[in-house]
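> Output the structure for:
(one chain, ligands or ions: 1)
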Amino acid sequence: MNFVPQKTSDTPMMQQYNAIKAQYPDAFLFYRIGDFYELFNDDAIKGAQLLELTLTARNKSADDPIPMAGVPHHAVQSYVDILIDHGYKVAICEQMEDPKKAVGMVKRAVIQLITPGTNIDIKAGAAKTNNYITAVLPHAAGYAFAYGDVSTGELKVTDLKSKFALQNELSALATKEIVVPEDLNDEDAAMLKKGERLLSVQQDTKPTSEGSYVSQDLTDPAEAAVVQMLMAYLLNTQKRSLAHIQKAVAYQPSAYLEMDQDARSNLDILQNSRTGRKGDTLLSLLDATKTAMGGRLLKQWLERPLLDIDAISVRQNQVQDLLEHFFERSELQERLTKVYDLERLAGRVAFGTVNGRDLIQLQTSLDQVPAIQDVLSKLDDGSFKELRGKIDPVSDVAGLIRRSIEPEPPISVTDGGLILRGYNEKLDAYRDAMKNSKQWIAELEASERKATGIHNLRIRYNKVFGYFIEVTKSNLDKVPEGRYERKQTLTNAERFITPELKEKETLILEAQESSTALEYDLFQDIREKVKAQIKRLQHLAAQISALDVLQSFATVAENNHYVRPTMHAGTHDINVKGGRHPVVEHVLGQDSYIPNDVIMDRDTDMLLITGPNMSGKSTYMRQLALIVIMAQAGSFVPADTADLPIFDQIFTRIGAADDLANGESTFMVEMLEANAALSHATASSLILFDEIGRGTATYDGMALAQAIIEYLHDHVHAKTLFSTHYHELTSLSDSLAKLKNVHVGAVEEHGNLVFLHKMMPGPADKSYGIHVAKLAGLPADLLSRADTILKQLEAATPEKTVPAATSQVEDQQLSLFEEPKPAPKNSPILAKLAKFDLMDATPMDAMNLIFDLQKHLKKK
Ligand SMILES: Nc1ncnc2c1ncn2[C@@H]1O[C@H](COP(=O)(O)OP(=O)(O)OP(=O)(O)O)[C@@H](O)[C@H]1O
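As a prediction, this is how the structure comes out:
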C-alpha cells in the first residue's frame, strides 16, 4: 500500500488519485469511478489477493501499466468488511459532483475512513456485541484511557494506574483498535499491540470543533485529553456529525468486581477456552434477552459485576419480582421482541445513513413503550413503579414517523414513494397534478378516438419520446391532417405528438421530478427532527435494555432452578449449599451434575483440593467463581442456597492440559499469573489456583506451590481454592490454621475406581493414583510394584512435611524412582530455594533460579 510517486506520464485522473492516496498511506483507497470503486498500484495487488478480485491494469499497452482492481459500488460493504476483519483501514473516496455536469476532472474526496474500531456495519450475529475503539494517553502517573462504540454512542473514560490495569481493561473490552499519541514510547506500543490490535496515531488532541464531549464532571485533565484525542480521531475519520456520541462518563474499574485477563478466559464467561464454542459459556447460558441492546448490556453486566451491596439487591429484587409475575413477564417479553436496536438506530440517524425502513423500525419500537409501562405498573417492586414514571416514550417521534412515512417504504430514500399522503400539502399537490394529468391523458385518448374514429388509438409513454399517440398502419388515413405531428414510424404503426400533449407532458414530468426531490427534502427534514431527539432515544434504550437483562435473569433462573443468593458485607464467609457449575450442568444435563457445597467460614481462608485427574477439581473451583460473578451481576445462582460476601477481585491460574507440552514458557505464564494474584489480591479477593507448579520439575513445582500457599495464607488472606497433585502438601493443614483439606470422593466398584464428583472433607487417599493407572490399563505387575513402593513410602514418611521436613518431601519424590533412602539433612538446593525471596523476584529471576537448581541436580 505504499505511496507510488507521481510520474510525469500520469493522466490527470491518476494525479488526482495519487494526491488523495498520499493522505491515506496506511489505508486501502476505494476510488469511485462511475459504478465502481477502483484500487490501484499496491492496493490493487494486495486487494485482489484478499478480496479475490481480478487484477487488471490501466495503460496495459504502455511500458508502465498501473495495476488495477475494482469492486461494484452496490456491494462495497462486504469488501470493506473483509479488509477491516483483516485489520486494515479503508478510505472511501467519492465523486463529489455529477460527472455529466463536471467541467474538467470530476472532483473527488474521501468521505469516510473506515477502521476496525469504527466500522458500524453490523454483520449478522454481531448485533449483541459492541465494537469498542479505545484510546490510551500515557502520563507520568499511569494511563488515561477512554473507549467508545461509534454504533451506539457509548463513551467512557478512566485513569489507570498500572500496565496491569490497562491490560485488563483492553482485554475486557476486546478492542481491535487503539488511538495513541504520536510520542508513544516503544515499550508501551509493544504492549498495546498485543493481540493484533491496530494502533492509530492521532496527532491533534485539541478540543474538537464539534463541541465538547467532555462533561463538566470530568475534572481530570488527562482524562479530558484522552477523550479529546479519541473524539478528534473519530471526527477526522468519520468526517460527519457524531451527534449520537454521548458526553464521556468517567468510571473506575475498581468500582466493579475486577477480573484479570486470565480469569476472564479461564472461566468461560464469554468464550469457552476448551471447546472454543460460544454456546458453552456463561453469557450464552444467561442470555434470554429479546433485544440486541439487552444482549450487549448483559455482556457488560457480566464483564463488570457490582461491588455495591445495595445496587446488587436492587437488581435481585427486580429479578425476583419478574420471576414471581409470570404473565407480566411474558407480556414484557412479547413487547421486547418487537423492539429493534434503538441504540444503533439512533447512531444511524446521527450518521445520516438511516432510511425509511429504519424509521418504521424506530416507530414500531416506540409503539411498544406504553405497553411496557403498563407491565411495570402491574409489578410489585417499588423501583419498577418509579421506572414507569421516569420512562419517556418519545411518542412525538413515533407520531411524526407515523404521520410522515409509508408503512412499507422502499429501501432507497432518493426515488420517492416513502412520504405519506397528507403530510405535506405541496407534495400532495404535485401528486394530484400527476394523477390528474394521467387522468387527463386517459380522457384525451378517449376523446381522440371519438374525434378520429380510430378505435385502437392509444396514448403511450417511453423515455425517449415522452408521451405520444400511436396509430396502427391500417388506420393512418384517419389521422387528422395538420393537428398531429409525425414523430416515429414503426413497422405496424406510426407515432404522433400534438402541442397540447407535449404541454401536459412537461407538467407531468416536472411534477414527478419535483415530487421526488421534495420527498427527499422532507425525508431529510424528518431525519433531522429525529436527530434532535437522539438523547431521549438513547435514554429510553438504556432503560429498555436493563429491563431486558432483568427479565432474562428471571427467565433463566426459573428454567434452571437458580436461587437468590444472600449477600453480606463485613465478613468474607462463603456458604454455598448444593452449588453447581452452570455451564457444565447445562452441558451434562441437570440430572447428571453432582452438586457440591463450598463452606469457608472465618477460620477457613483456603481449601486445598486433592483428587485424581478428571475427578472434578477445576470444575469445583470454577463453579464458585461463576456463582460469585453471577451473584454480583444481580443474577440468581445455581445452588440450593448461597450466602456470599462481596468479592473485589477474582484471580485464576487454571492450566489447560496441553499447557504442559509447551514446557518452560508455560511455566513462565503460570508464574506470571500467580504473581498477578500474589501482588494484587486483597483479603476480599477470590483466588483459584489449579495445580500451580506442575509446569516444571517436581521439586521446584512443589516447593513453589508450598511457598505460594504459605504466602497467601500468612499475608494475603484472600479466599483461595488451591488444587494440587502434590499429595504431600495436604500435611500443611497441620501448620496453617486457616487451610483445610478437601478431596473429591471416589468409590471402588468391582475393583475399579468410580469418581463421585463429590467434595469430601480431608485429603485424598494416596493410592488414587494407582487406581487411576489401573483404570488406564497399566500392566498388573507394574501396579503391584507401585503398591509396594507406596507402602514403603508411607512407612518412611513422617506425618509432617512442613516446614522443617521439607527435605523429606524431596526424598519422597526421589524414592518413587529409587529405593527409599534416608533423607539428606541439608540440601544446598533447598537452602538456596528457601533463601530466594519470591515476592521480590521477577519471573525471570525465578526462571534463572530454577535453571540453576536443575543444573545442580543434573550434576549430582
Ligand atoms: N460435579 C460434577 N458433576 C458431574 N460431573 C462432573 C462434576 N465435576 C466434574 N465433572 C465431570 O468431570 C470432568 C472433569 O472435571 P475437571 O476438569 O474439573 O477435573 P479435574 O479434577 O480438574 O481434572 P484435571 O486434574 O485433569 O484438571 C468434567 O468435564 C465433567 O464432565
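> Give me the distance between the residue lying closest to residue 258 once chain neighbours are set aside and residue 263.
The spatially closest residue to residue 258, leaving aside those adjacent along the chain, is residue 649, at 4.5 Å (Cβ to Cβ, 6 or more residues apart in numbering). Using the backbone N, CA and C atoms, a C-beta is placed for each residue, glycine as well. Residue 649 is 8 Å from residue 263, where distance means Cβ to Cβ, to the nearest Å.
> what's next to stretch 556-574, contact-wise?
285-286, 288, 309, 312-313, 316, 319-320, 323, 582, 585-586, 590, 598-602, 624, 627, 630-632, 635-646, 683-684, 719 (Cβ atoms under 8 Å, 6 or more residues apart in numbering).
> if we go to 6 Å?
For stretch 556-574, the surrounding residues in contact (Cβ atoms under 6 Å, 6 or more residues apart in numbering) are 286, 288, 309, 312, 316, 320, 323, 598, 600-601, 631, 636-639, 642-646, 719.
> Start and end of stretch 708-724, how far apart?
12 Å (Cα to Cα, to the nearest Å).
> oh sorry, the question was meant for stretch 584-600
23 Å.
> now the helices for the stretch 651-800 of the chain?
664-680, 698-711, 768-775, 780-796 (DSSP state H, counting those that start in this stretch).
> Of all those, which one is nearest the ligand?
Comparing these against the ligand with Cβ to the nearest ligand atom, the closest turns out to be helix 768-775 (10.1 Å).
> Spell out whether that closest one and the ligand are in contact.
No. Using Cβ under 6 Å from any ligand atom, helix 768-775 stays clear of the ligand, with a minimum separation of 10.1 Å.
> so where's the longest helix in this structure?
helix 499-531 (DSSP state H).
> so how far is that helix from its chain's centroid?
44 Å (Cα atoms, centre = their mean, to the nearest Å).
> other SSEs contacting the host helix or strand of residue 297?
Element membership for residue 297 (DSSP states H and E) is helix 292-303. Packing partners of helix 292-303 (3 or more Cβ pairs under 6 Å, 6 or more residues apart in numbering; DSSP states H and E): helix 534-560.
> before we move on, back to that, so what angle separates the directions of the longest helix of the chain and helix 534-560?
Orientation check (axes from the mean of the first three to the mean of the last three Cα atoms, to 10 degrees): helix 499-531 against helix 534-560 gives 70 degrees.
> on that earlier part again, please save the CA atoms from the helix holding residue 297 in PDB.
C-alpha atoms of helix 292-303 as PDB (Å, rounded to 0.1, in the frame of the first residue of the first chain):
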ATOM      1  CA  ALA A 292     -29.800  -6.700  20.700                       C
ATOM      2  CA  MET A 293     -29.300  -3.900  23.200                       C
ATOM      3  CA  GLY A 294     -30.300  -6.200  26.100                       C
ATOM      4  CA  GLY A 295     -27.800  -8.700  24.800                       C
ATOM      5  CA  ARG A 296     -25.000  -6.200  24.800                       C
ATOM      6  CA  LEU A 297     -25.900  -4.900  28.300                       C
ATOM      7  CA  LEU A 298     -26.000  -8.500  29.700                       C
ATOM      8  CA  LYS A 299     -22.400  -8.900  28.400                       C
ATOM      9  CA  GLN A 300     -21.400  -5.600  30.100                       C
ATOM     10  CA  TRP A 301     -23.000  -6.700  33.400                       C
ATOM     11  CA  LEU A 302     -21.100 -10.000  33.300                       C
ATOM     12  CA  GLU A 303     -17.900  -8.200  32.500                       C
END
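> who touches the following helix or strand past it?
Next helix or strand after helix 292-303 toward the C-terminus (DSSP H and E): helix 309-324. Residues outside helix 309-324 that contact it (Cβ under 6 Å, 6+ apart) are 306, 329, 379-381, 383, 550-551, 553-554, 557-558, 564, 567, 569, 634, 646.
> try 8 Å
So helix 309-324 is contacted by 306, 328-329, 332, 379-381, 383-384, 550-551, 553-554, 557-558, 564-565, 567-569, 631-636, 646 (Cβ under 8 Å, 6+ apart).
> what's near enough to touch residue 245?
148, 150, 153, 155, 213, 231, 234, 350.
> Check the residues you listed for the minimum pLDDT and say which it is.
Least confident entry in these, by pLDDT: residue 213, with 76.
> what about residue 779, neighbour count?
Close neighbours of residue 779, defined as other Cβ atoms under 10 Å, add up to 9.
> What separation do you get for it and the ligand?
Distance, residue 779 to the ligand, using Cβ to the nearest ligand atom, to the nearest Å: 23 Å.
> Output the strand or helix carrying residue 609 as CSV, nothing but the C-alphas.
Take DSSP H and E as the rule and residue 609 turns out to sit in strand 606-610. Taking Å, rounded to 0.1, in the frame of the first residue of the first chain, the C-alpha atoms of strand 606-610 are listed here in CSV:
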residue,chain,number,x,y,z
MET,A,606,-8.0,-21.8,51.9
LEU,A,607,-9.3,-25.1,50.6
LEU,A,608,-6.6,-27.4,49.4
ILE,A,609,-8.2,-29.7,47.0
THR,A,610,-6.8,-33.1,46.2
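> What is the subsequent helix or strand relative to it?
Next along from strand 606-610, by DSSP H and E: helix 617-633.
> Could you pull out the buried residues of the helix or strand that that following helix is followed by?
Per DSSP H and E, the first helix or strand lying C-terminal to helix 617-633 is strand 641-645. Buried residues in strand 641-645, counting neighbours by 16 or more other Cβ atoms under 10 Å, are found at 642-645.
> With respect to burial, which of the helices of the stretch 651-800 of the chain scores highest?
helix 698-711 (a mean of 21; mean count of other Cβ atoms under 10 Å).
> Against which helices or strands is that helix packed?
helix 664-680, helix 806-814, helix 828-835, helix 843-859 (3 or more Cβ pairs under 8 Å, 6 or more residues apart in numbering; DSSP states H and E).
> Point out the other helices and strands that the first one packs with.
On a contact count with 3+ Cβ pairs under 8 Å, 6+ apart, helix 664-680 meets strand 649-654, strand 686-690, helix 698-711, helix 843-859.
> Let's see that helix as PDB, backbone CA atoms only.
Extracted in PDB, the C-alpha atoms of helix 664-680 (Å, rounded to 0.1, in the frame of the first residue of the first chain):
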ATOM      1  CA  GLU A 664       9.100 -23.800  30.300                       C
ATOM      2  CA  SER A 665       7.300 -20.900  28.600                       C
ATOM      3  CA  THR A 666       4.100 -22.300  30.100                       C
ATOM      4  CA  PHE A 667       5.700 -22.300  33.500                       C
ATOM      5  CA  MET A 668       6.600 -18.700  33.000                       C
ATOM      6  CA  VAL A 669       2.900 -17.900  32.200                       C
ATOM      7  CA  GLU A 670       1.900 -19.900  35.300                       C
ATOM      8  CA  MET A 671       4.300 -17.800  37.400                       C
ATOM      9  CA  LEU A 672       3.200 -14.600  35.900                       C
ATOM     10  CA  GLU A 673      -0.400 -15.400  36.600                       C
ATOM     11  CA  ALA A 674       0.500 -16.500  40.100                       C
ATOM     12  CA  ASN A 675       2.400 -13.200  40.600                       C
ATOM     13  CA  ALA A 676      -0.600 -11.100  39.500                       C
ATOM     14  CA  ALA A 677      -2.700 -12.700  42.300                       C
ATOM     15  CA  LEU A 678       0.100 -12.500  44.900                       C
ATOM     16  CA  SER A 679       0.700  -8.800  44.300                       C
ATOM     17  CA  HIS A 680      -2.800  -7.500  43.700                       C
END
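> quick check: angle from it to strand 649-654?
Using the same axes, to 10 degrees: helix 664-680 against strand 649-654 is 160 degrees.
> touching the ligand at all, helix 664-680?
No. Applying Cβ under 6 Å from any ligand atom, one finds helix 664-680 separated from the ligand by no less than 13.8 Å.
> quick revisit: neighbouring contacts of the helix holding residue 297?
Contacts of helix 292-303 (Cβ under 8 Å, 6+ apart): 127-130, 152, 172, 264, 269-270, 282-283, 286-287, 289, 336, 341-344, 541, 544-549, 552, 629, 633-634.
> If any of the residues you listed are buried, put those into a ChimeraX selection.
Per 16+ other Cβ under 10 Å, the buried members of the contacts of helix 292-303 correspond to this ChimeraX selection:
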select :128,129,130,152,172,264,269,270,282,283,286,287,289,336,341,342,343,344,541,544,545,546,547,548,549,552,629,633,634
